[in-house]
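S.K.: Got a sequence here, can you model it:
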Amino acid sequence: MTAGTSLIHGTVTPTHRTTTAEHELAALQREHGGPLFTLLLRLCDGDRQRAEDLVQETLVRAWQHPEALHADDFDSVRPWLLTVARRLAIDARRARLARPPETGDEIPETARVAADHAERAAATLDVREAVKTLTREHRDVLVLVYFRGASVAEAAQTLGVPPGTVKSRAFYALRALRRVLPGYAADLY
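M.R.: Alright, predicted model coming up:
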């Protein structure tokens, strides 16, 4: 743009004297701005602001490449503009996906806070001590299902008991652990 123009809301608004290039760009926006915006709105998943920004960027590219506007066949301008707009939208999406989402200085409430090494070690010791307080049947089920990753059917086969018994023992073992582990409710049910 020249020093006397500005792009506002997808239109070229002269601030003072207009040149021939500005008239051409204004006509370009009037004739092709609607289809450009429609395409970009779809490519931007309905984000109107991003689509408007990309329409303006497309028109800036047209202004930077007047040879595309002065082609022998005026009908070739729209496909050129649509191609430029589509490429700009693809580049903008790639740029957004390539960087992590922006966050402020605040820590999101949903962020998991990682415990330091000492806290993890203390928790591990608490769990070991709590597991020792369980009956042998409850402890065997927890070790197989939760620590070794066995399915209920596999644990039932290993222990020689029905699957329903494995489920019941796991339920009561976890409830007993909640009672003895610090920071857990005595009974959640």
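S.K.: Show me where this protein has its strands.
M.R.: Taking DSSP state E to define them, one finds strands in the chain at 5-8, 11-14.
S.K.: Give me the average confidence score over the first one.
M.R.: Just to be clear, that refers to strand 5-8. When pLDDT is averaged along strand 5-8, the result is 46.
S.K.: Skipping its backbone neighbours, what lies nearest P66 in space?
M.R.: Counting by C-beta to C-beta, 6 or more residues apart in numbering, P66 lies nearest to A21, which is 7.0 Å off, once chain neighbours are set aside. All C-beta atoms are positioned from the backbone trio N, CA, C, and that covers glycine.
S.K.: Specify the helix with the largest residue count in the protein.
M.R.: Using DSSP state H to assign secondary structure, the helix with the most residues in the chain is helix 20-43.
S.K.: okay, now the domains of the chain?
M.R.: Structurally, the chain divides into domains by automatic domain parsing as follows: 5-98, 117-180.
S.K.: mean pLDDT lowest for which of the ones you listed?
M.R.: Out of these, the stretch the model trusts least by mean pLDDT is domain 5-98, with a mean of 78.
S.K.: How far does it sit from its chain's centre?
M.R.: 28 Å (C-alpha atoms, centre = their mean, to the nearest Å).
S.K.: Now do the most far-flung residue of the chain relative to its centre against V143, distance only.
M.R.: No residue in the chain sits farther from the centre than G160, which is 47.1 Å out by C-alpha atoms, centre = their mean. For G160, the distance to V143 (C-beta to C-beta, to the nearest Å) stands at 15 Å.
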